[in-house]
Structures are given as C-alpha cells and as structure tokens.
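[1] Fold the following, please.
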Amino acid sequence: YSGSVAITGDRISHIGDLTGLSAAQEIDVTGRVICPGLIDVHNHSDGWLIRESNFEPKTTQGFTTEVIMADGIGYAPVDDHTVAQWLYYLRGLDGLRMGDWEGWKTFEEYLETIDGRTAQNACSHLPYANLRAMACGFGRGAVDDFQMREIQRQIRIGMEAGAVGVSTGLDYIVQHFSTTDELAEAMSAMAGYDGLYVTHVRYKKGLLPAIKEAVEIGRRAGVRVHISHLKGQAPGQVDEVLEYIDRTARHEVDFSFDLYPYQPGSTMLNYLAPYEVWEDGPLAAASRLVEPVNQAKFAAGLEAYRLPMDYMRIAWVPGKENSHLQGMTLEEFIEQSGRSPLEALTDLLIEERFAPLLVFDEGDDRLVEPLLKHDLFTLGTDGIYTSDGPVHPRVFGSVGRLFGTLVRDRKLMSLEQAVHHSTGYSAERFRLSDRGVLQGDAFADVVVFDPATIAEHATFDDPRQLTTGVETVIVNGEVILDAGQPIDFPGAAPGRFLRC
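    Now for the predicted structure:
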C-alpha cells in the first residue's frame, strides 16, 4: 500500500493520497516504510526511562512504547520496609541507584514519575514479588488468608490505576516460593479487569511442565496468559512446546508469548545462588550466602547447572576496580582468581553487591526461528542496558536482526508479519488502545525506516552498536528521532504513562 500519513496534534488525522494538503512540517519518506511505533513487551528499561530523556538504544530501533516491570520484580509498589531492598536487588538489571529514588511508593506514583520525562511511552505490569514482599516479607512461608486478601487488594488497586496485568518471575526472588494454588488465587483478582498474567515460568524445573503450570494458573484464575522470553534448549524441545501450545494451551486459555531473535540469554549472576539466600531480603543476602549450609547448596548448584562455566560471560560489574573482569567467562575469572568456583563467585557477588550481569551462551540462534514464525509471537527484547561492558546485543539490535537479517535477508516471514507482531498484535494483547496501528484517530506513534538498509550491528564481542536504517520516530505526534539521530528533551518529553 502506497500513501501518506497526516498528523494533527497527537493523533493521526488522515492516511492515503494527501495531494493538495499542506502541513507545518513535511517529511519526505519516498521509498521508505511507514509503520506504527514498535512496542517492546518485555524489557528492563525501568530505570533508564527515568534517567534518560531519550533512551537511544531503543528509540533508534523504533520502539515508541516500553512495557516495564517484567519478571515479577520492579521499583513499585514499595513501602518503607521494601524500597531499599528493591533498589539494591535491581541495580544490575534495571539501572537505578539508591539515590535515584524520588519518593514514589505506589505503582501509579512510579509511572507518573516517568510520564512526560522521556521520549517513549511506558505502561506496566504489577510485579508480583513486590506485592508478596509487602504482604508477607521475603521468606518462603505460605501465604495465609489475611495476606492473600492484601495481595488481591493491591492487585485491584494497580489494575484500577492502569496496569496491564500482573507479572511473575518464578525463578526469581520471593516468587520462587509461590505455589500454583497461591498464584491462581492471587491472579483471580484481576479477572474482572481483563488483566494479563505475564510470566517468566519455572524454567529451572523444565520448560513444558513450567508452561503447563502457567496455563493452569490462567485457567483457574480466569485470566489471559502470556509467557515471557519463550525459548527451548534443543530442536526437539521447541517442537514439543509448539505442539502443546497449538493442541492444548491456546484452547484452554487466551494465550501468547514473547521472544527476542537470539538464542543466548542474560541475567544476573545471583540467579545461580540458592533461594535460601533471599529469605531475609536482598540486603541480608551476603550474610545468608556465607552460611555453611548455603555455601554447600551454592557449590552443589554450580556443579549441577546445565551450562559449563565457560558458557557464561561477565557482561558488567558496578565496581570500577573489577571492570577488567567484563568480557571474561566465569571459567577464566575463576582460573585467574586461583580459587574454587564457590569461593571466587561468592566473593564476587559480595564485593559487587550481588549486581554482576552475565551473558549465557545457550546455542544456535536458529533455535528461536520456529517460535518467531508462530502466530502467537510478540517481540520483547528482554534488553538489559548498562553504561559500559559487553552486555547482550539484544538491547541494541533486536529490530535490526528481525527486520533486516531474518526478514529481508533470510525470508523467515514477511515484513508485514514482522511489523504486526511488533506493533498491532502486541497492542491488542497488552490492551493499548489506539496504539500499534496506522489509522485515523489513532495516536501518532509512527516509525519510518528503510527496508533495504535496516540492519543490526551489535555483536556479542562488540554489542554497543546501534541499529541503523530507522530514520524517523514520532511519539504522540512529536518527532523523537530525526534522520536517525535522537532528539534530546531537556524539558517536557512526549512519552506518556499509558493506562490500560
């Protein structure tokens, strides 16, 4: 389809042949693709949307909306007892320091802090670990009826304030103690709001059983289900999962998933620590880690982990004294230290306040391709950004890889399909009204790119390379990327808190 797009204020006013119309500003996009603004449905941009007026790694890819507070962990809601715990725990994942807290406590207050502060829109889940920690503390005790009522009350408050739904990260702090029964009961509180249950499933227990648990939770709670960063470890496992999705999951619940176009993953080094370390909260983790019983469990866990030490690379550490470790594999670091894996990694965690970030070599990127082609796929970069270090290239290159390498060069799917699963379908799943589409009266979140040149440049060895080929990005009618260059906003920025 060939045509032009007219924008009036923050909305699209006309589409088609606009010959004879004039405008205060005209952008010549001859030979280019005009598409809706892209929506990143899973990321770790939470802190950077506060710290940056234009978050360059994402806006240069065409992302106009970030769906934040993934994996059941986030900066809100918090109370006087939990705020410092979450700022400490999330340092390596979401970017804020202790001094960055501006006094927000509720979900709504946090999103209002972002509103008008950055170039992109933001909407958010309610992170389940935050809710559970406020009601029950950080330990493994079962949730009693009084605590469950409080969790459900907080869910209703968040949904009324505009949350997408509730996110969980069942391999992470607090929520790894949650049972299927607990989660089904808690999630039922958002059934009347059409909330979405978005879950990092219990990958550590096995992929298919973990997905089946998520479907059971959604079915019992009466809510829609979305699986975060769905990937398998072998072709047979991917086939098994897709067969289950098509034969069962999508018929039992309203189902979808997100994915980024890389097989390797990334998360914090503390992901490898035993769950007992977190029972008194993140600020007590160092003292818990060195307890003999937990040292024994940590050692056993490291030995049993599915990836060898030379498949895990240190991407970032907060301390300048240890910055030379960035880029080393854990095997190289341990060998250099002259100590055992247990001793070396315990000391690194404590010295760097449990914040070191890892990149995991999990195999051939072709493993994700059958999932990317599926009709229930949405694009989520899972991007983790730091100010330096060889982080996972997905935060810089996901769109360039999908639209360029996989669509244009490899013909994995049509460009139209790739765009839809990065825009309109995502908006539909996450209840973003009048976003993700080019049509009259929709919000003017618009991207212009060159389909012949859009490309990834970020690699695992040199990840800090921006995607090229995206020329213009518009958010709520205001240009935020012009001729491929981000525009700084020293004052009010066009990004908004999107209430779902």
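[2] For the rest of this, base every contact and every neighbour count on C-alpha atoms.
    Fine.
[3] Is Glu471 located within a strand, as I assumed?
    Yes - assessed with DSSP: H, G, I helix; E, B strand; the rest coil, Glu471 lies in a strand.
[4] That one against Ile480, yeah?
    No - the pair Glu471 / Ile480 is not scored as a contact, 10.4 Å apart, by CA atoms under 8 Å.
[5] Neighbour count for those two, which is higher?
    Ile480 (29 against 21; other CA atoms under 10 Å).
[6] and the more buried one, what element?
    For Ile480, the host element (DSSP states H and E) is strand 478-482.
[7] got it, and Ala186?
    Using DSSP H and E, Ala186 maps to helix 180-187.
[8] distance between that helix and the chain's centre?
    Here helix 180-187 shows a centroid-to-chain-centroid distance of 23 Å under the convention CA atoms, centre = their mean, to the nearest Å.
[9] which residues touch that helix?
    The contact list for helix 180-187, computed with CA atoms under 8 Å, 6 or more residues apart in numbering, reads 143, 148, 151-152, 166, 197, 213, 216-218, 220-221, 223.
[10] and Leu371, that one's in a helix?
    Yes - checked against three-state DSSP, Leu371 lies within a helix.
[11] before we move on, back to that, flag every buried residue along the helix holding Ala186.
    183-187 (16 or more other CA atoms under 10 Å).
[12] And the strands in the stretch 251-400 of the chain?
    255-259, 265-268, 312-316, 357-360, 377-379 (DSSP state E, counting those that start in this stretch).
[13] Pick the most buried one from those strands.
    When the strands of the stretch 251-400 of the chain are scored by mean count of other CA atoms under 10 Å, the highest mean neighbour count falls to strand 377-379 (a mean of 28).
[14] Pairing partners for that one, with directions?
    Partner strands and pairing direction for strand 377-379 (DSSP bridges) are strand 255-259 (parallel).
[15] got the CA positions of the partner strand in CSV?
    The C-alpha trace of strand 255-259 is given here as CSV (Å, rounded to 0.1, in the frame of the first residue of the first chain):
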residue,chain,number,x,y,z
PHE,A,255,-2.5,-17.5,25.2
SER,A,256,0.5,-15.7,23.7
PHE,A,257,4.3,-15.3,24.3
ASP,A,258,7.2,-13.0,23.6
LEU,A,259,10.7,-13.6,22.3
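[16] Run through who's touching it.
    By CA under 8 Å, 6+ apart, strand 255-259 touches 41-42, 224-231, 249-250, 371-372, 376-381, 429.
[17] State the mean pLDDT of that strand.
    Mean pLDDT, computed over strand 255-259, is 98.
[18] same thing with stretch 68-77?
    Average pLDDT, stretch 68-77: 98.
[19] Kindly check the end-to-end length of that stretch for me.
    Distance between the two ends of stretch 68-77: 13 Å, counting by CA to CA, to the nearest Å.
[20] just to revisit the earlier point, the strand holding Ile480 pairs with which strands?
    strand 470-475 (antiparallel), strand 485-486 (antiparallel).
[21] Take those and write them to TSV, including distance to Ser4.
    Shown next, in TSV, are those (distance: least, CA to CA, whole Å):
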stretch	distance to Ser4
strand 470-475	14
strand 485-486	22
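[22] so of those strands, which one's packed in deepest?
    strand 470-475 (a mean of 26).
[23] Grab the CA positions of that one and hand them over as PDB.
    Output of strand 470-475 as PDB, limited to C-alpha atoms (Å, rounded to 0.1, in the frame of the first residue of the first chain):
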ATOM      1  CA  VAL A 470      15.400   3.700  11.200                       C
ATOM      2  CA  GLU A 471      15.200   7.300  10.100                       C
ATOM      3  CA  THR A 472      12.200   8.900  11.800                       C
ATOM      4  CA  VAL A 473      10.400   8.100  15.000                       C
ATOM      5  CA  ILE A 474       7.400  10.000  16.200                       C
ATOM      6  CA  VAL A 475       5.700   9.700  19.700                       C
END
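[24] Fine by me, we can end here.
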